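Undergrad: Return atomic coordinates for the entry below.
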Amino acid sequence: MAYYDDYEYDYERYNFNKPKYESVADRKNKAEEYVKKMAAKGIVFNPVVIAGNKIAEKWWGLMWCKNLERYSDYANRLPRGKSYCKNGNVIDLKIEAGKIQALVMGTAKKPYILEIEIDPINEVKAVDISWQCSKKIHNVESLVKGEFPPEMEDLFFQEDGLFPSPKEIHFFCMCPDSAKMCKHVASVLYAVGAKLDDDPLLFFKLRGIDMNSLVAKAIDNRLENLLANAENITPRVYDDADVENLFGL
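TA: The predicted structure follows:
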C-alpha cells in the first residue's frame, strides 16, 4: 500500500473483534478528529463532504451512481455505503488513471485503507468512442467545460459504454468484512460520484482517456470538414446585368 507509506500507520491497533456500537455522530466526530490530528503532522487529506441530502446533483455524478445501482452484484452493500459517504466517513480520496485510493473511517481506531482498480477501456472501444466524440466538436467543447451534451448520453451510459461494469472494478479494503463488497468500498464508489460533480474530467482520467488527444482529433475533424466544404463551393460569375441589379444601378 505504497500510497499511504508517507505517514506512520500502526496495523496492530486494528480491532478485528466484534466492534462496539458507534452512532453516526460518534463516527463523524472520530473522522474529523483524525483528519485534524494528521493535519497537525503536516499530512493533509482530501475528504469528501456532502453538503445536502444528495450525493450528486449533476449528470456525471448522477450517472456514475446510477451505473453502480443498476448492478445486482452491489445491491446488498450500496445502501450502507451511501450512508457512510453522506456522513463524512470518506476522509481521503484520490483518483488516478485506473485507480482510486481512499481512507474510510469505520469502527476501528484508525481509518481503513482502500484501493479500487478500474480496468482500462478496451482499445477498440476507446478508438470508436474517440472517433464518435471527435465528430461532434461542439460536444467535445462542452465536455472540456465540465458540461454534458444530452445527445451523447447513449455513448457513455449504454450497456457497453464508458461507465465501468462490475467485472471491470476490483477492490481491496483492510476491514475484516468477508463480503464481496464491504460498505467501505461502496462508500468510496459513491464518493467518486460526488467528486465527478465537481470535476467531470476526473472521469476521463480514471478511465484512461486522453482529453488532449480527444480535443485535438475533434479540432482536426472540424478543419477537415471546413476544407471539404470550401472545396465544394462553386464560384459564381456575375455578368454586367447581375452587377447592375445587385447594386441597384
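
Undergrad: Could you tell me the per-residue confidence at residue 120?
TA: Looking at residue 120, its pLDDT stands at 84.

Undergrad: Show the pLDDT at the closest residue to it other than its chain neighbours.
TA: Sequence neighbours aside, residue 208 is the residue nearest to residue 120 in space, at 4.8 Å (criterion: CB to CB, 6 or more residues apart in numbering). C-beta here means a position set from N, CA and C on the backbone, and glycine is covered the same way. For residue 208, the model assigns a pLDDT of 81.

Undergrad: Test my guess that residue 208 contacts residue 121.
TA: Yes. At 6.1 Å, residue 208 counts as touching residue 121 under the criterion of CB atoms under 8 Å.

Undergrad: ok, those two, which is more surrounded?
TA: For residue 208 and residue 121, the more surrounded residue by other CB atoms under 10 Å is residue 121, and the numbers stand at 20 against 14.

Undergrad: Please, which helix or strand holds that one?
TA: Using DSSP states H and E, residue 121 is not contained in any helix or strand.

Undergrad: Use 52 as the first number from now on
TA: Okay, residue one is now 52; in that scheme the one you just asked about reads as residue 172.

Undergrad: Contacts only, for it.
TA: 180, 213, 258, 259, 260 (CB atoms under 8 Å, 6 or more residues apart in numbering).

Undergrad: what sits against the third one?
TA: The reference is to residue 258. 149, 169, 171, 172, 213, 215.

Undergrad: Next, give me the two most distant ones among those residues.
TA: Greatest spacing in these, by CB to CB: 149 and 213 (13.4 Å).

Undergrad: Of the two, which one has the most company?
TA: residue 213 (18 against 15).

Undergrad: The more buried one is in contact with residue 207, isn't it?
TA: Yes. Applying CB under 8 Å, one finds residue 213 in contact with residue 207, separated by 4.7 Å.

Undergrad: okay, and the common contacts of those two?
TA: By CB under 8 Å, 6+ apart, no residue touches both residue 213 and residue 207.

Undergrad: Make sure the residue nearest to residue 171 is indeed in a strand.
TA: No. Under the criterion used here (DSSP: H, G, I helix; E, B strand; the rest coil), residue 259 is coil, not part of a strand.

Undergrad: Right, I'll call it a day here.
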